[in-house]
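Asker: based on what follows, work out the 3D shape:
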Amino acid sequence: MNIVMSYIDYTMAGLSEREAFSCTKTQTSEIYERLKAKREVLGAVLIATCNRTELYLSLAEGARVNPFEQLCEFIGVSYSDYAFMNKTLTGDEAFDHLCKVAAGAESQIWGDGQIAKQVDSALKAAQEAKATDAVLNVLFRIGVTAGKRVKTEVDFNVHDNSTAARAVAAVKAQSDIKDVLVIGNGMIGRLVAGILVRSGIHTTMTLRQYKHGLNIIPNGVDTVNYSDRYSAIEKSGAVISATLSPHYTVCYEQIRDLNRVPGLFVDLAVPRDIDPEVEKIEGVTYFDIDQISCGSRDARQEEQMRQIEAIVGKYRDDFYKWYDFREKLRLKEEA
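Answerer: Alright, predicted model coming up:
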């Protein structure tokens, strides 16, 4: 077994640097195809969220590949520009890190409630691309299970500790906001819209016309065509954007020229959806993902991290039991 992973996250790089490593579905597919063409790479899983981009590789015995160098090459950026903004882990450290990520213990928001789903989705995407091997499949399944176990045993002491909840809290902090436009119909957008509606705030969500048959709309949420978003923005008290677009969904020039400009813009996307220049407009408050998620670990969380590490250690043992059993079967078949 030869597992190696590299990552860049909010602890090492700012939002502008992390934006370079945000990957569209097309880019992710291309990365998998290029990795599959390398004989020394047996499997790969790419995790790309607003906080981090991580590439896990299962390599042939004796092979040496730096995942971050590969990532830089595939994305088209210079490794030297980011050489001090990444970390590479192998073996036990890679497994432990994955478990902590899935548990929300490595997130900007302590105990982030959505990251386990994102890790699971990353594995499924890699499997659909036929990019994984048995080792990474089991590694990730056990890692996600460990993350879920942490959620049940460690009291993060939050009602809803997620980026979506933080975004809604920013809206509720301004009591005069009665209408919110949510741009983006992905998982985060739907979570935001659902929390807003349950909070009694009138919510409208954008839909791309060509995707209407695929959209899931939370109960109580109105909809508007994405192409009509600026008209909807003009009628809203706040805008929250969370798409996977590689370009701005909200541009400064168009907002500046509106007859009425919302007082709050919250950008939950990486790369950014909302042109940060909107903050120059009088009366506008703007938050990006780092500002919404900011917070440092306290003494209680340090104690919880020790609990988490103990749980992760048990699941690491389970992983090695599986691997040892697999190796015994392989050797028996070869004998």
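Asker: helix or strand with the lowest mean pLDDT in the chain?
Answerer: Ranked by mean pLDDT, DSSP states H and E, the weakest helix or strand in the chain is helix 289-293, scoring a mean of 86.
Asker: other SSEs contacting the helix or strand following that helix?
Answerer: Later in the chain than helix 289-293, the nearest helix or strand by DSSP states H and E is helix 299-334. When contacts are defined as 3 or more CB pairs under 8 Å, 6 or more residues apart in numbering; DSSP states H and E, helix 299-334 packs onto helix 91-103, helix 134-153. The way it works is simple: take the backbone N, C-alpha and C, and place the C-beta from them, glycine included.
Asker: buried deepest among those, which one?
Answerer: A comparison of those by mean neighbour count, using mean count of other CB atoms under 10 Å, puts helix 91-103 on top with a mean of 22.
Asker: which element is residue 194 on?
Answerer: Assigned by DSSP H and E, residue 194 falls within helix 187-198.
Asker: buried ones in that helix?
Answerer: Buried positions in helix 187-198, judged by neighbour count with 16 or more other CB atoms under 10 Å: 188-197.
Asker: out of the helices and strands packed on helix 299-334, which is closest to residue 168?
Answerer: helix 134-153 (20.7 Å; CB to CB).
Asker: the closest one vs helix 91-103, what angle?
Answerer: Relative orientation of helix 134-153 and helix 91-103, computed by axes from the mean of the first three to the mean of the last three CA atoms, to 10 degrees: 50 degrees.
Asker: grab the nearest non-local neighbour of residue 147.
Answerer: Spatial nearest neighbour of residue 147, chain neighbours left out: residue 102 (2.8 Å); criterion: CB to CB, 6 or more residues apart in numbering.
Asker: what residues are up against the most centrally placed residue in the chain?
Answerer: Centroid-nearest residue in the chain: residue 49, 2.1 Å away (criterion: CA atoms, centre = their mean). Counting by CB atoms under 8 Å, 6 or more residues apart in numbering, residue 49 makes contact with 115, 118, 270.
Asker: pretty sure the first one sits against residue 105.
Answerer: No: with contacts counted by CB atoms under 8 Å, residue 115 stays clear of residue 105, the gap being 9.3 Å.
Asker: what about the helices in the protein?
Answerer: Ranges of helices within the chain are 15-18, 25-36, 67-75, 91-103, 115-128, 134-153, 163-172, 187-198, 229-234, 252-256, 289-293, 299-334, based on DSSP state H.
Asker: to residue 54, which of those lies closest?
Answerer: helix 91-103 (7.4 Å).
Asker: got the angle for the closest one vs helix 115-128?
Answerer: Between the axes of helix 91-103 and helix 115-128, defined by the same axes, to 10 degrees, the angle is 120 degrees.
Asker: still on that earlier bit, most neighbours of all the contacts of residue 49, which one?
Answerer: residue 115 (26 neighbours; other CB atoms under 10 Å).
Asker: now that residue. Nearest residue, chain neighbours left out?
Answerer: With sequence-adjacent residues excluded and distances taken as CB to CB, 6+ apart, residue 115 is closest to residue 104, at 5.1 Å.
Asker: surely that neighbour touches residue 110?
Answerer: Yes: with contacts counted by CB under 8 Å, residue 104 reaches residue 110, the gap being 7.0 Å.
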